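Asks: Sharing a model that was predicted from the sequence below.
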2 protein chains.
Amino acid sequence: MNADSLPIGLFDSGVGGLTVLAAIQRRMPNENLLYLGDTARLPYGTKSPGTIARYALQAASKLVALRIKLLVIACNTATSTALPDLRRHFAPLPVIGVIEPGAAAAVESSRKAHVAVIATEATIGRGAYQEALQRLQPGIRVTSKPCSLLVALAEEGWLEGRECESVVARYLNPIFKNEDAPDCLLLGCTHFPLLLNPIRNILNPDVRIVDSAETTAQCVLDELASTGLLRKNRNKGKVRFFTTDDPERFVHTGSLFLGAALPLNSVQLVDL
Amino acid sequence: MNADSLPIGLFDSGVGGLTVLAAIQRRMPNENLLYLGDTARLPYGTKSPGTIARYALQAASKLVALRIKLLVIACNTATSTALPDLRRHFAPLPVIGVIEPGAAAAVESSRKAHVAVIATEATIGRGAYQEALQRLQPGIRVTSKPCSLLVALAEEGWLEGRECESVVARYLNPIFKNEDAPDCLLLGCTHFPLLLNPIRNILNPDVRIVDSAETTAQCVLDELASTGLLRKNRNKGKVRFFTTDDPERFVHTGSLFLGAALPLNSVQLVDL
């Protein structure tokens, strides 16, 4: 098999990273893709850095053993904790996380240089977005907040309604209901794009909302183009899914995140 | 060491089982106790039966290896999935789960023989409470509902307020806001006693609320008394805690569930 025909590997703690996979498919429909969701051990976002790093290494090793040409950490928590380690461990394999691309999109969107970041406890605790934003635009103001319950809301499929909006409001109102509010909200968790409607409903219309799925996909495209590794065959690429827990559950929740039905026979149960 | 001086071992996916530990301490303050919270892999409630059974066996094996005189599965999800397996595997060690005692308390509380059970997706899916209630009182009516978000609310420490009540109401109103409603609510998850206030606020005062912590503790007392294994030494018992993730996080959330400060030096990190 030519190197360009090897698949791109993506992993996440669960199904949230499927929003990144969908964005890659839109840009590069002929690429072969492998996606691993470590659903048995989700969520990563409330675990300690040592545990997250260990789980991320196990998930990445599984994909690398299947032979891939590029690794995407399609999970904010794992990116914030394990990106440098995974780059070192698997060099020279290119490894792309979701944080740098998300931060770049936010810097571009904010006219007041004041960005709010919402993410899991672990991502916020590591300060990864704060650092990335400062690196891209020194002096930028960052207001960050862990929002663990939004992950549970998305997983439960409660994507609208009074309960959903009141939970979103409890997290966001203290940030946005004041004179000196940020003008950009960065969704620092791959689960949060599902909650776009209730989030929009409580924010002023001039607040821009960015998520990292699209810019991460662009990063992958740029990397493959610059190294001559874009797949030359123009046929539609194959996609295979791996999950560490019940495949039926993966298909059920995954379809919500992918925005399309996920065929059960494309999903394989694995142990890490 | 005499058999009666051996500790009672308890395990849970996280800190919820500490409500059971507290109830045991109130009844038997001189017993030595070991508590294992598999916090790195929580929650169990959204995982598949095979995965839960494997995790439960690993957690129980850790406690049994440390020598215990009785095992308590202080987790509804693990009890519903793994109780018969663990009894077989560790016989003749007595193994007590939280479901039978909870069901017994509900049967006693309901005058209309109509009980509502709320629990995790896995516990409800296994039908364990439904079966136990039917066994204790054939013909009893059971209305059951998975309430995954209540676990996340309790873990986040959002135990009151508008958001909390609106989430609780979305789950409970369809059950209780009708003429033929149950008169007893069984809290089938060790996390739920923390949400007692918002739950009470939306229920009619004549609905009785039962949780299994107290009746499970009574079951443990009865079992030890009948086998002569109650600890004879009247000094205060020692309690040791084990967690599979960050001990500081265990102490932080655990104190909430225990209703008392948990000393960090009593908590040890273990790998299963």
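Replies: Looks like it came in fine.
Asks: Enumerate the residues of the stretch 1-150 of chain A near chain B.
Replies: Taking C-beta under 8 Å from any C-beta of the partner chain, the part of the stretch 1-150 of chain A that reaches chain B is made up of A:39-41, A:46-48, A:50-51, A:148-149. All C-beta spots, glycine's among them, are computed from the backbone N, C-alpha and C.
Asks: so can I have TSV of those residues showing pLDDT?
Replies: Shown next, in TSV, are these (pLDDT from 0 to 100):
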residue	pLDDT
A:39	92
A:40	91
A:41	90
A:46	81
A:47	87
A:48	88
A:50	91
A:51	91
A:148	91
A:149	94
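Asks: Now restrict the residues you listed to buried residues only.
Replies: Among the residues of the stretch 1-150 of chain A next to chain B, those scoring as buried are A:39-41, A:46-48, A:51, A:148-149 (criterion: 16 or more other C-beta atoms under 10 Å in any protein chain shown).
Asks: what's the closest of the residues of the stretch 1-150 of chain A next to chain B to residue B:89?
Replies: Closest approach between these and residue B:89, by C-beta to C-beta: residue A:40, at 20.9 Å.
Asks: doesn't residue B:47 make contact with that closest one?
Replies: Yes. Counting by C-beta atoms under 8 Å, residue B:47 is a contact partner of residue A:40 at 5.9 Å.
Asks: so where does residue A:130 fall, helix or strand?
Replies: helix A:128-136 (DSSP states H and E).
Asks: Dump that helix to PDB, keeping only the CA atoms.
Replies: Below are the C-alpha coordinates for helix A:128-136, written out as PDB (Å, rounded to 0.1, in the frame of the first residue of the first chain):
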ATOM      1  CA  ALA A 128      -4.000  24.800  27.200                       C
ATOM      2  CA  TYR A 129      -6.300  27.200  25.500                       C
ATOM      3  CA  GLN A 130      -5.100  30.100  27.600                       C
ATOM      4  CA  GLU A 131      -1.500  29.400  26.500                       C
ATOM      5  CA  ALA A 132      -2.300  28.800  22.900                       C
ATOM      6  CA  LEU A 133      -4.300  32.000  22.600                       C
ATOM      7  CA  GLN A 134      -1.500  34.000  24.300                       C
ATOM      8  CA  ARG A 135       1.000  32.500  22.000                       C
ATOM      9  CA  LEU A 136      -1.000  33.500  18.900                       C
END
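Asks: What is the helix or strand following it packed up against?
Replies: Per DSSP H and E, the first helix or strand lying C-terminal to helix A:128-136 is strand A:141-146. Judged by 3 or more C-beta pairs under 8 Å, 6 or more residues apart in numbering or on different chains; DSSP states H and E, strand A:141-146 is in contact with strand A:114-119, helix A:121-126, helix A:128-136, helix A:162-176.
Asks: contact partners of the next helix or strand after strand A:141-146?
Replies: Sequence order places helix A:148-156 as the next helix or strand after strand A:141-146, per DSSP H and E. Here helix A:148-156 makes contact (C-beta atoms under 8 Å, 6 or more residues apart in numbering or on different chains) with A:14, A:16, A:43, A:45-46, A:118, A:120-121, A:159, A:164, A:167-168, A:171, A:189, A:191-192, A:194-195, A:253, B:46, B:148-149, B:151-153, B:155-156, B:158.
Asks: Helix A:148-156 to helix B:162-176, inter-axis angle?
Replies: Angle, helix A:148-156 to helix B:162-176, by axes from the mean of the first three to the mean of the last three C-alpha atoms, to 10 degrees: 30 degrees.
Asks: then helix A:148-156 to PDB, C-alphas only?
Replies: Only the C-alpha atoms of helix A:148-156 are listed here, as PDB (Å, rounded to 0.1, in the frame of the first residue of the first chain):
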ATOM      1  CA  SER A 148     -18.900  19.500  32.900                       C
ATOM      2  CA  LEU A 149     -22.700  19.300  32.700                       C
ATOM      3  CA  LEU A 150     -22.800  20.400  29.100                       C
ATOM      4  CA  VAL A 151     -21.100  17.100  28.200                       C
ATOM      5  CA  ALA A 152     -23.800  15.100  30.000                       C
ATOM      6  CA  LEU A 153     -26.500  17.200  28.400                       C
ATOM      7  CA  ALA A 154     -25.200  16.400  24.900                       C
ATOM      8  CA  GLU A 155     -24.700  12.700  25.700                       C
ATOM      9  CA  GLU A 156     -28.300  12.600  27.000                       C
END
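Asks: Run the angle between that helix and strand A:114-119 for me.
Replies: Here helix A:148-156 runs at an angle of 60 degrees relative to strand A:114-119 (the same axes, to 10 degrees).
Asks: Serialize the helices and strands packed on strand A:141-146 to TSV and add fields for mean neighbour count and mean pLDDT.
Replies: Listed next are the helices and strands packed on strand A:141-146 as TSV, based on neighbours: other C-beta atoms under 10 Å in any protein chain shown; pLDDT from 0 to 100:
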stretch	mean neighbour count	mean pLDDT
strand A:114-119	25	97
helix A:121-126	22	89
helix A:128-136	19	95
helix A:162-176	19	95
